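S.K.: what follows is a predicted protein model with its sequence.
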Amino acid sequence: MLLIKLFTRVFFVLALCIGTANADSAIKIENAWSPEAPPVAKVLAGYMTIHNLSDKDIKINNVKSSLFERVEIHITEMKNGMMKMVRQDNLNIKAKGHILLKPGGLHMMLIGKLKPVKAGSTIPLTLSFDNGETKTINLKVTTVPNHK
Ligand SMILES: [Cu+2]
């Protein structure tokens, strides 16, 4: 009888541990925002901070939004004295590190707007990572920068 009780207890603790491990996410996204653009604009930008809380590097496989035809990750660079945007596929986030997407640097390029986007509303964005995680966040559409 005692043995059964003990076994039940051990099993319960084990189940609890597995449950916690599954609930833990390696990715944390903060300060997601998009500057308000004129209604005619078909392309918008998205900014945020993406943290990798795990001890392994994680790459961004894909980003999409139901309000846009497609989403790309770009970096703004100076090349031969010209500002140029370079597409960043499978962008890496170092173990225990983070990437900062902000005006003038790394950013999400939201291409081919399908519906009107007004200040005060949100843009849903779904990011998938090579650790198997998928995260859906909302970019706050605002005139006020939200980055730190
Ligand atoms: Cu861009």
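M.R.: Received, thanks.
S.K.: do a quick rundown of the helices in the protein.
M.R.: All helices of the chain, identified by DSSP state H, fall at 2-23.
S.K.: okay, buried residues for the longest strand along the chain please.
M.R.: Scanning the chain for the strand with the most residues, using DSSP state E, yields strand 68-79. Going by neighbour count (16 or more other Cβ atoms under 10 Å), the buried part of strand 68-79 is 68, 71, 73-74. Heads up, the C-betas are built off the backbone N, CA and C, glycines and all.
S.K.: which among these are in contact with the ion?
M.R.: Applying Cβ under 5 Å from the ion, the subset of the buried residues of strand 68-79 adjacent to the ion comprises residue 74.
S.K.: a markdown table for the buried residues of strand 68-79, including distance to residue 39 and pLDDT?
M.R.: Below are the buried residues of strand 68-79 laid out as a markdown table (distance: Cβ to Cβ, whole Å; pLDDT from 0 to 100):
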| residue | distance to residue 39 | pLDDT |
| --- | --- | --- |
| 68 | 15 | 98 |
| 71 | 20 | 98 |
| 73 | 25 | 98 |
| 74 | 23 | 97 |
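S.K.: closest one of the buried residues of strand 68-79 to the ion?
M.R.: residue 74 (3.3 Å; Cβ to the ion).
S.K.: I figured that closest one hits residue 106, correct?
M.R.: Yes: between residue 74 and residue 106 there is a contact under Cβ atoms under 8 Å: 7.4 Å.
S.K.: brilliant, that's me finished.
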